[in-house]
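**Q** 3D, please:
(2 chains)
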There are 2 protein chains.
Amino acid sequence: MLAKIREKSERIIIGINSGTSADGIDTAIVRIKNSGLETEIEVIGYETYPYSPTLSQRLNKDMGQNAAGAAELCLISSYLGELFAYSAKSIAKKFSVPFEDVDAIGMHGQTIYHHPEPVAFPGYKISATMQIGNPAVVAERTGKIVVSDFRSRDMAAGGQGAPLVAYLDFVLFSHRARGRVLLNIGGVANVTGIPASAPIESIIAFDTGPGNALIDAAVFHFSEGKKSFDENGVIAKQGVVIKELLEKLLSHPYFKKEPPKSLDKETFGRLFFQKLLKENPTLPPANTIATLTDFTIKTITLGIKEHIIQKDQSYEEIIVSGGGAENKTILEGLRRNFPNLVVNTISDYPILGKSKEAVLYAFLANETLMNKKGNVPSATGAKKPVILGSVTPGEEGL
Amino acid sequence: MLAKIREKSERIIIGINSGTSADGIDTAIVRIKNSGLETEIEVIGYETYPYSPTLSQRLNKDMGQNAAGAAELCLISSYLGELFAYSAKSIAKKFSVPFEDVDAIGMHGQTIYHHPEPVAFPGYKISATMQIGNPAVVAERTGKIVVSDFRSRDMAAGGQGAPLVAYLDFVLFSHRARGRVLLNIGGVANVTGIPASAPIESIIAFDTGPGNALIDAAVFHFSEGKKSFDENGVIAKQGVVIKELLEKLLSHPYFKKEPPKSLDKETFGRLFFQKLLKENPTLPPANTIATLTDFTIKTITLGIKEHIIQKDQSYEEIIVSGGGAENKTILEGLRRNFPNLVVNTISDYPILGKSKEAVLYAFLANETLMNKKGNVPSATGAKKPVILGSVTPGEEGL
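**A** Residues are numbered from 1 along each chain as shown, chains lettered A, B, ... in the order given. All right, here's what the predicted structure looks like:
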């Protein structure tokens, strides 16, 4: 099977991701030619299959170091496997691709815990990550080869297991004359800096700090569950930044660390906001949301200025993706802070749009199946490039 | 790489298992020719690399549905990956096999939780299992292809994910004229019935009930941690069976279930013993150990008589393996209960000896790499044979 797949001039691969907010399954079906730096990607279709509110709440509750035990983790992992398999079949049908034409599935799964900082064990320093979504269930239901668990191998090679998007960003956005910053504002915000006409080793990528997770938590709290995010950034625009609070937030030690560095969703997520509320029980809604939004803008700005733009003069453009690309207050803030750069959103690049994360895992699956190394050591901190993931045989094996 | 490995006339594969008692890493290095029913296995060497008492205690504490959270589970999984990699390198060295001659590693890992009974989720019935020992770490440290997570695919196909030993038992022990019962007494006890000259579909295999785990827990308790098992069954021999207690134990609903059926280590393990102690705080040491030993003998006898021997007249031999094969009281009990059968121990079959479980995972890895289906549906209850495991690429890929 693998030999047959490798011989094909183009492969059809389905990419599956369940984001840090655990609200649904992002699924992309793509046509891929070649591999490595010669990769050509055509997105055939993209769809989000939302979770029920009950499941979304359950997954959010399961996240973190001690929230769920082995029983919950392995049962819900197999349950997600069923839903991922269903989403793979659904997207092929929706975009009229006969399912027998699908060559493989690349599945990131749902992150439950991510601990890139090494912990001391007798004789070893250990870092680890946990993504759930059982690949055996997906392979059994679909009959397809499934590539999964992309982060572990990079971490075994000394990396942070993130950001994995750096390679795809390089393949899609490296430019002879223009240095570009790819900024993804999801639950956390991460950037990839690609200098003009530079080799892949010169990529810089890291998490800058909070993305939408803190803002979302505040909106959810103050609206008593009626709203889950600040649509278009309207609430933030009505508020005034609370300077003392902002300064306190900016004093977090993460912002003084050198890249490569990456964040657990928890660091600037729901629990962080709840702690903030406990310490400041009388926070006014709009001003708080304005402050958290400015916290996101300022830490992104700081990250890009200190670690990317200062180091290379070729940067001309910032391309924003993720939910945060639809928050006008964030975009305005970034445009104000980077007067010499063009700030575009990913929707100006219709090839990917919202599908980027799901496309990433199809792309990385293709790399693994083609025996190519899929991590970028300068982005993750790994000691060397490695082949990512584990491969679960389809109906006909490998 | 896979293509090269498949073309070889013989492969060298290392099998790794960490048993339910979590006291060390059972490692076998084997030479395998062919695959499926034509498989020929030569055990080059076998070794147990013991865990430190601290690690063994920690792993035992981590077992069960809610004992450990995501952080502990994924960190210790990567730590075990380091130790498994070390054991693989060590066994090759010990038996003078150049490490570059090793083709792959088959790794069962450490079972933390096993839930074969389906649990209702919206729209699906879910069963699941969790084995730890991160294959990406093993592959990165050794550079070898690693096949792992053997149980999940069988469970995805409707099986109990156990016993997986049935196929190996069939390959090694099926006989033209003699029906044979393979009995493994580990933490739990499992049997495989192979009628004379029968096709593989006629195998019966299931967990009969307790093995050594309950006896071990009692010995550990009464000796205040000085002993961890009843050496040669000497303590049991000194005691007298407490009939009421035995009858109460035998009334457990598991023994009325029809096979295929399998047990979590917890069902008749340490926690079960602790509950027993709470209900009967004045249990006398030797008599209790005698009773628990008889409980193991009686449930094994019941399982073999009701579900194996009654259904076929060709059975002539019982072959006992696992730690229980060294408990003379258990062996004597079985010989008394089966006067018409020969009760041998695996040491009468020097090809395997104690290495059987570790050899099993090398055998199953070979099956997966050769695109062969490794489960036996009549043993696990799966709807069909499936290719087991996930394959993590070595240094040079797949």
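
**Q** give me the low-pLDDT residue ranges for the stretch 51-200 of chain A?
**A** The stretch 51-200 of chain A contains no residues with pLDDT under 70.

**Q** hey, where'd the helices end up in it?
**A** If DSSP state H, counting those that start in this stretch is used as the criterion, the helices of the stretch 51-200 of chain A fall at A:53-62, A:70-94, A:135-142, A:150-156, A:165-173.

**Q** What of the stretch 251-398 of chain A?
**A** A:270-279, A:285-307, A:328-337, A:356-369, A:377-380.

**Q** distance between the ends of stretch A:242-256?
**A** 22 Å (Cα to Cα, to the nearest Å).

**Q** mind listing what the closest residue to residue A:22 other than its chain neighbours touches?
**A** The shortest distance from residue A:22 to any non-neighbouring residue, by Cβ to Cβ, 6 or more residues apart in numbering or on different chains, is to residue A:59 (3.9 Å). Every residue, glycine included, has its C-beta placed from N, CA and C. Residues near residue A:59 by Cβ atoms under 8 Å, 6 or more residues apart in numbering or on different chains: A:18, A:22, A:51, A:76, A:110.

**Q** which of these has the most neighbours?
**A** Using other Cβ atoms under 10 Å in any protein chain shown as the neighbour criterion, residue A:18 leads those with 29 neighbours.

**Q** Tell me who's in contact with that one.
**A** A:24-26, A:59, A:80, A:84, A:108-110, A:133.

**Q** Restricted to buried residues, select these in ChimeraX.
**A** Remark: buried members of these, expressed as a ChimeraX selection using 16 or more other Cβ atoms under 10 Å in any protein chain shown:
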select /A:24,25,26,59,80,84,108,109,110,133
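
**Q** Could I get the contacts of residue A:18 in JSON lines, plus columns for distance to residue B:190?
**A** Listed next are the contacts of residue A:18 as JSON lines, based on distance: Cβ to Cβ, whole Å:
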{"residue": "A:24", "distance to residue B:190": "42"}
{"residue": "A:25", "distance to residue B:190": "38"}
{"residue": "A:26", "distance to residue B:190": "42"}
{"residue": "A:59", "distance to residue B:190": "35"}
{"residue": "A:80", "distance to residue B:190": "30"}
{"residue": "A:84", "distance to residue B:190": "32"}
{"residue": "A:108", "distance to residue B:190": "36"}
{"residue": "A:109", "distance to residue B:190": "32"}
{"residue": "A:110", "distance to residue B:190": "34"}
{"residue": "A:133", "distance to residue B:190": "30"}
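
**Q** Relative to residue A:271, which of the contacts of residue A:18 is nearest.
**A** residue A:59 (15.2 Å; Cβ to Cβ).

**Q** Chain B contacts on the stretch 151-300 of chain A?
**A** Counting by Cβ under 8 Å from any Cβ of the partner chain, the stretch 151-300 of chain A comes close to chain B at A:152-153, A:155-157.

**Q** Let me have these in JSON lines, adding neighbour count as columns.
**A** Formatted as JSON lines, these follow (neighbours: other Cβ atoms under 10 Å in any protein chain shown):
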{"residue": "A:152", "neighbour count": "29"}
{"residue": "A:153", "neighbour count": "28"}
{"residue": "A:155", "neighbour count": "30"}
{"residue": "A:156", "neighbour count": "28"}
{"residue": "A:157", "neighbour count": "23"}
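
**Q** so which pair among those is furthest apart in space?
**A** A:152 and A:157 (9.8 Å).

**Q** got the contact list for the residue of chain A positioned farthest from its centre?
**A** Distance from the C-alpha centroid of chain A peaks at residue A:282, with 33.3 Å (Cα atoms, centre = their mean). Contacts here follow Cβ under 8 Å, 6+ apart; on that basis residue A:282 touches nothing.

**Q** how is chain A carved up into domains?
**A** With domains defined by automatic domain parsing, chain A comprises A:2-162+A:355-392, A:165-348.

**Q** which of those sits most buried?
**A** domain A:2-162+A:355-392 (a mean of 22; mean count of other Cβ atoms under 10 Å in any protein chain shown).

**Q** So what would you say the end-to-end distance of stretch A:166-182 is?
**A** This stretch, stretch A:166-182, spans 9 Å end to end (Cα to Cα).

**Q** Just list the residues touching the closest residue to residue A:63 other than its chain neighbours, thanks.
**A** Distances taken as Cβ to Cβ, 6+ apart put residue A:112 closest to residue A:63, at 5.5 Å, once the chain neighbours are dropped. Contact analysis of residue A:112 by Cβ under 8 Å, 6+ apart lists A:62-64, A:68, A:73, A:130-132, B:70.

**Q** Kindly recompute the last result at 10 Å.
**A** Counting by Cβ atoms under 10 Å, 6 or more residues apart in numbering or on different chains, residue A:112 touches A:22, A:59, A:62-65, A:67-68, A:72-73, A:76-77, A:129-132, A:265, B:69-71, B:73-74.

**Q** related to what we said a few turns ago, for chain B, see how far away the residue nearest to residue A:22 is.
**A** 12 Å (Cβ to the nearest Cβ, to the nearest Å).

**Q** and if you look at residue A:8?
**A** Taken as Cβ to the nearest Cβ, the span from residue A:8 to chain B is 16 Å.

**Q** my guess is that residue meets residue A:2, correct?
**A** No: the pair residue A:8 / residue A:2 is not scored as a contact, 11.1 Å apart, by Cβ atoms under 10 Å.

**Q** how close does the residue farthest from the centre of chain A sit to residue B:180?
**A** 77 Å (Cβ to Cβ, to the nearest Å).

**Q** what does residue A:105 give?
**A** The value you get for residue A:105 to residue B:180, if Cβ to Cβ is used, is 42 Å.

**Q** same thing with residue A:179?
**A** As judged by Cβ to Cβ, residue A:179 and residue B:180 stand 71 Å apart.

**Q** again with residue A:119
**A** For residue A:119, the distance to residue B:180 - Cβ to Cβ - is 48 Å.

**Q** now swap in residue A:270 and tell me
**A** Remark: distance between residue A:270 and residue B:180 (Cβ to Cβ) = 58 Å.

**Q** cool, and residue A:349?
**A** Distance, residue A:349 to residue B:180, by Cβ to Cβ: 66 Å.

**Q** my read: residue A:236 touches residue A:331, true?
**A** No: using Cβ under 10 Å, residue A:236 is not in contact with residue A:331; the gap is 11.4 Å.

**Q** can you list residues touching both of the two?
**A** Shared contacts of residue A:236 and residue A:331, defined by Cβ under 10 Å, 6+ apart, are found at residue A:297.

**Q** backbone phi and psi for residue A:13, please?
**A** Main-chain torsions, residue A:13, degrees, to the nearest 10: phi -130, psi 140.

**Q** how about the strands in the stretch 1-150 of chain A?
**A** Secondary structure of the stretch 1-150 of chain A (DSSP state E, counting those that start in this stretch): strands at A:10-18, A:24-33, A:40-50, A:104-121, A:124-132, A:145-148.

**Q** Kindly report the same for the stretch 201-350 of chain A.
**A** Along the stretch 201-350 of chain A, the segments classed as strands by DSSP E, counting those that start in this stretch run A:204-210, A:315-321, A:342-345.

**Q** Just put those strands in JSON lines and tack on mean pLDDT and distance to residue B:145.
**A** Shown next, in JSON lines, are those (pLDDT from 0 to 100; distance: least, Cβ to Cβ, whole Å):
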{"stretch": "strand A:204-210", "mean pLDDT": "94", "distance to residue B:145": "29"}
{"stretch": "strand A:315-321", "mean pLDDT": "95", "distance to residue B:145": "36"}
{"stretch": "strand A:342-345", "mean pLDDT": "95", "distance to residue B:145": "42"}
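
**Q** which one of those lies closest to residue B:242?
**A** strand A:204-210 (61.6 Å).

**Q** List the pairing partners of that closest one within its sheet, with orientation.
**A** Strand A:204-210 has its sheet partners listed here by DSSP bridges as strand A:188-194 (antiparallel).

**Q** Centre of the chain to the partner strand, how far?
**A** Centre-to-centre, strand A:188-194 and its host chain are 10 Å apart (Cα atoms, centre = their mean, to the nearest Å).
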